[in-house]
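*Asks:* Pasting the sequence and the predicted model now:
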Amino acid sequence: MLMRERLRYLIAIIFVFFAILVSRLWQLQVVRGEEYFRQTRRNVVDTRMLPSVRGKILDRNLEPIADNRPAFNLYGKAGDIDEEAFERIARVLELTADERDKMQARIEKAHKRKRRSAVLLLEDQSRDRASLVKQESHLLPELYVSDEPYRYYPHGRALAHLVGYMNQITGSEFDEREAEGYQPTDLVGRYGLERAWESYLRGKRGIERFVVNAKGERIEGPDADGLIEGARFVPPVAGHNVVLTIDLALQEHIEKLLRRRAAGAVAVIEVKSGRILALASTPSFDPNVMTGHLTREREAQMLSDPRKPFIDKTLRQYYPPGSTYKFVTGLAALKESLVSADEPLSCTGVHKQGRRVFRCTSAHQKVDFEEAMQHSCNVYFWKLSERVGIDSMAQIARDFGFGEPTGLGLNGDTAGRVPTKQWYEERDTFKIGHTLNAATGQGDVEVSVLQLAMAYAAIANGRKLFVPLLVDRVESAAGDVVVQYEPQLRRLVDVSDESMGFVKHGMWRVVNEIGGTAYDYARSDMLEYSGKTGTAQVKAMRRRDDDENLKDWHPDRDHAWFAGYAPSQNPEIAFVVLLEHGGSGGKHAGPVGKAIVEFFFEGRVPSTETEGELP
Amino acid sequence: MRRKAATLLIPGPRVGRSRWRTAFADFDWVLLFLVAMIAALGLLNLYSATYATAHSVKFTQQMMWVTLGTLSYFIFTMIDYRSLQRWTWVAHIGVIIGILAVRFFFEAVKGSQRWIMLGPIRIQPTELAKLAVILSLARLLHDWDERSVDKRTVAYSIAALILPVLLVAWQPDLGSASLLGLIILAMSLMLVQTIWPIIVAMLTGLAALPLLWERMHSYQQGRVLAFLDPGADPTGAAWQTSQSVKAIGSGQISGKGFMEATQNHFNFLPEHWTDFPFSVWAEEWGFLGSVGLLMIFLLLILWIVNVGLHAKGKFGQAICVGVAAMIFFHTVVNILMVTGWAPVVGVPLPLISYGGSSVLTIMTGLGLVSSVSKRRREI
């Protein structure tokens, strides 16, 4: 029979095909099974991050500086929004060009990374737009509005540089930190404390896991729940609050004083602990605008401002300290016993050094140490510097913390410069003129406002140089202290109490005796305090034409300094005022210093308890 | 009248037995057992595939179709298959008319016309065409053997056999057309004395493939292209296949368990009740379950071949080879398709896929085999 003859071929073909099927199933289910199993789990279980409430930043009296307020955020999945949908959304919501660009960039960023989970598209939308999205949900099925806490800075520009602001995480940052639970379009602390303390402030996101079908629709019910590994709902944990040492009232008063000046910086330090009471830099920025509302136009305008509003002038920028630095020269000479405090040196108003002529502010005739401080006689300190040499001065300067970071660890707090003989020789040749320049805080000496303030605090408290302290403690949202930061002594400056006494008395005379450089402008009827003015010459700078629209900005003028501490007896605070290109130290910076001191002690009785010797 | 009916249904000399026992004399219980197994597993799988979805009514519908199919199975078991010889060409012409009717009088679904709509019932004549072709070819082979047939009749007959294949391809229903072709090919290769003309015809057909490509609908071309390059379009045509492959693979060795197929329950597998029920089965029962199901199919096919070997006369042999080929090719193509080794051409898995026409056709075909088996001892 024909069929029987051909049977073996038939059977062979049947078995070959079934063998193919079985081996294919073996390949898919046994060899690659685990990988496919994981893929199907990923297919159906979606997670949604629940935002945590960001911790507050508070001043020492628990007044919020950075807080949260409710806001409407717009979310969508990058995978859902194609070109057509994007145009439709832009049309219905009437997006501005800036908003369009922002949304476009975010969708692109998320598309590469998490196209199937919802990401923040536009933050902090108006109530009108939020309700528009809800009403027109048939036109905008890709979007949803989430009512979430949003960063808010109730005092606006106050303390802007220190507190910082937040903005979008960049693509590479996200790739690096995804494991910490960030989403591709999250806001992160970008500057200042917001950046440096991000990990404490941020809190922990909650997670909600749920099952979705192929369309991304949510599926409920026990069937679906069985697929979820781990908890379905992990509630978010609010971030920690950061309590600062800042006195917000003082800070705001200082900012008000500075606002009338083109550019400048102020630091106020608690002398017995190194705690920062105020730290202001002007011009500054509004962190509420920076956090999600910065337009390109505004950004370009700020970046082209010659006063550099983004630079923290208390920490990041370095200036020649001028005469406020003379105590270094004086202490170096006293320490080496190269001068006695009562030895008068004569000032004819000029000091010749080789072919160069160095000019003093006037001819002071015979002046001793304290008188030289009082009148800020350059010739006296030039003569001292010729005796001690640049390296001994640098030694004292370093002792006071110049030339190295203060240890605050924020906003690029770097070293500044204390030049030595070696430093000059490495670059060119050392000349005695360099020493003379350094004696009066000119030339290549560069200090930051905070460095100078810490040094003046050390003068005031009897040689104790502290690490500046900005954060007092970290508290949980419930108010439990998580970390408490104690004052930290950096070193005891190696000078005698006697020498320090001359410096302090000199500084007392600057403010409180007729002829003192600050006497006419800064003497207070309220209390006696001490200080030193400085007028730092700047290398010839010309006003740029486009600066003309900036009122009171004269880049050719000197920097005006006024540094000191109050009260003279048993000091509590040290302060530094810098007006960038502000003119004369006494005349321009002096009144600001006085206003700060008077504001601080207004209605407050300076402690009468004596400590240490009288000036 | 009664006597006539009795001789029609129960031929042969077994006098003195009760009518019931006579009806089940030589009944092929093995075949019934295998068929019942597959049908039951198919229903079980469909229940899981459509449970608590908008398509759960399909389970009830399928129950009805399986019941109808079973009825048909028994009816055709009782009818002497040989008495069908005279009806084969009538059935054949009826099917051709049905295909033409579909082409000209009914709405297209997804770009091709396949259904005759009679109120709520939709009949796919292409499915019935498979049976008609098997029967007609069997008749032709039988005639060829039994009496001398002139060449002209053979030529007409061959043309008549090829016609439904072309018409189905024209619908266009690529899957069914190639299946019809494969069934004809298998039957011819097994039962025609000289097979070289068939091989020549096959090669000519292969050469005509580019022409066929031209005639194909864009969605069909898309499917073929997606099959050739699955990475190109992950959410389009290849989406089904890649999701199906994931579903099958994710079943691993022992499966996720009955009703636990996530791919299926959350609609990652479109149309899983028609073309992709095996993915659901494989996801829920794993490698062991899949191979188990395949083994039942294998046993069924081998058993039908065995029935064919013992059949008296070419007509019965041809029916068995045809039905075996039909089930074999449906199974192989469908599983290759859902595992991503064949393009998605819409070939159902016998008795597992949802679909009335398919169930009815397969059950009727198996009923014919059962009839052949029952009459294996008769002269």
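*Replies:* Perfect, thanks for sending it.

*Asks:* Please count neighbours and contacts with C-alpha atoms only from this point.
*Replies:* Will do.

*Asks:* what is the rounded mean pLDDT of the helix or strand hosting residue B:288?
*Replies:* Under the criterion of DSSP states H and E, residue B:288 resides in helix B:277-310. Taken as a whole, helix B:277-310 has an average pLDDT of 94.

*Asks:* Show me what that helix is packed against.
*Replies:* Under the contact definition 3 or more CA pairs under 8 Å, 6 or more residues apart in numbering or on different chains; DSSP states H and E, helix B:277-310 sits against helix A:2-25, helix B:29-50, helix B:237-250, helix B:314-338, helix B:356-374.

*Asks:* show me what contacts residue B:27?
*Replies:* Contacts for residue B:27 (CA atoms under 8 Å, 6 or more residues apart in numbering or on different chains) come out as B:370, B:373, B:374.

*Asks:* Pull the contacting residues for the spatially closest residue to residue A:367 that is not a sequence neighbour.
*Replies:* In this structure, residue A:367 finds its nearest non-sequential neighbour in residue A:344, 4.9 Å apart by CA to CA, 6 or more residues apart in numbering or on different chains. Contact partners of residue A:344, counting by CA under 8 Å, 6+ apart, are A:366, A:367, A:368, A:369.

*Asks:* Contacts only, for residue A:340.
*Replies:* A:334, A:369.

*Asks:* so whichever residue of the stretch 51-200 of chain A sits closest to chain B, which of the three states?
*Replies:* Nearest residue of the stretch 51-200 of chain A to chain B: residue A:79, at 11.7 Å (CA to the nearest CA). What DSSP: H, G, I helix; E, B strand; the rest coil gives for residue A:79 is helix.

*Asks:* from memory it sits against residue A:111, does it?
*Replies:* Yes - using CA atoms under 8 Å, residue A:79 is in contact with residue A:111, at 6.4 Å.

*Asks:* just the helices in the stretch 1-150 of chain B please.
*Replies:* B:2-9, B:19-23, B:29-50, B:57-78, B:88-105, B:125-146 (DSSP state H, counting those that start in this stretch).

*Asks:* Would you mind finding the most buried of those helices?
*Replies:* Each of the helices of the stretch 1-150 of chain B was scored by mean neighbour count; the highest is helix B:125-146, a mean of 23, by mean count of other CA atoms under 10 Å in any protein chain shown.

*Asks:* And that helix, what does it pack against?
*Replies:* Under the contact criterion of 3+ CA pairs under 8 Å, 6+ apart, helix B:125-146 touches helix B:88-105, helix B:151-170, helix B:174-191, helix B:314-338, helix B:356-374.

*Asks:* Residue ranges of each domain in chain A, please.
*Replies:* If you go by automatic domain parsing, the domain ranges for chain A are A:46-244, A:248-601.

*Asks:* Of these, which is nearest residue B:258?
*Replies:* Smallest distance to residue B:258 across the domains of chain A (CA to CA): 12.2 Å, for domain A:46-244.

*Asks:* what's the span of the closest one from first residue to last?
*Replies:* Counting by CA to CA, to the nearest Å, you get 40 Å between the two ends of domain A:46-244.

*Asks:* Stretch B:81-96 too?
*Replies:* Chord length of stretch B:81-96, first to last residue, is 22 Å (CA to CA).

*Asks:* Tell me how far that stretch lies from the chain's centre.
*Replies:* With CA atoms, centre = their mean, to the nearest Å as the basis, stretch B:81-96 stands 18 Å off its chain's centre.

*Asks:* Residues contacting that stretch, please?
*Replies:* For stretch B:81-96, using CA under 8 Å, 6+ apart, the contacting residues are B:125-126, B:128-129, B:132-133, B:135-136, B:139, B:163-164, B:167, B:315-316, B:368, B:371-372.

*Asks:* need the helix or strand of chain A with the lowest average pLDDT.
*Replies:* The weakest-scoring helix or strand in chain A, judged by mean pLDDT, DSSP states H and E, is helix A:222-225 (a mean of 64).

*Asks:* In space, what's closest to whichever residue of the stretch 351-500 of chain A sits closest to chain B - neighbours in sequence excluded?
*Replies:* Chain B sits closest to residue A:477 of the stretch 351-500 of chain A, with a gap of 40.5 Å, by CA to the nearest CA. What sits nearest to residue A:477 in space, not counting adjacent residues and going by CA to CA, 6+ apart, is residue A:240, at 5.5 Å.

*Asks:* What degree of burial does residue A:464 show, as a neighbour count?
*Replies:* As a burial measure, residue A:464 scores 23 neighbours (other CA atoms under 10 Å in any protein chain shown).

*Asks:* pLDDT at it, what is it?
*Replies:* Note for residue A:464: predicted pLDDT of 92.

*Asks:* Name the residues linked to it by a beta bridge.
*Replies:* When bridges are called by DSSP bridges, residue A:464 pairs up with residue A:492.

*Asks:* my guess is it meets residue A:488, correct?
*Replies:* No - Residue A:464 lies out of contact with residue A:488 (CA under 8 Å); the separation is 10.1 Å.

*Asks:* Quick check: residues of chain A near chain B?
*Replies:* A:2-4, A:6-7, A:10-11, A:14, A:17-18, A:21-22, A:24-26, A:28-30, A:32-41, A:43-44, A:212-214, A:219 (CA under 8 Å from any CA of the partner chain).

*Asks:* Quick check: the gap between residue A:242 and chain B.
*Replies:* Counting by CA to the nearest CA, to the nearest Å, the separation of residue A:242 from chain B is 46 Å.

*Asks:* Could you verify that that residue is part of a strand?
*Replies:* Yes - under three-state DSSP, residue A:242 falls within a strand.
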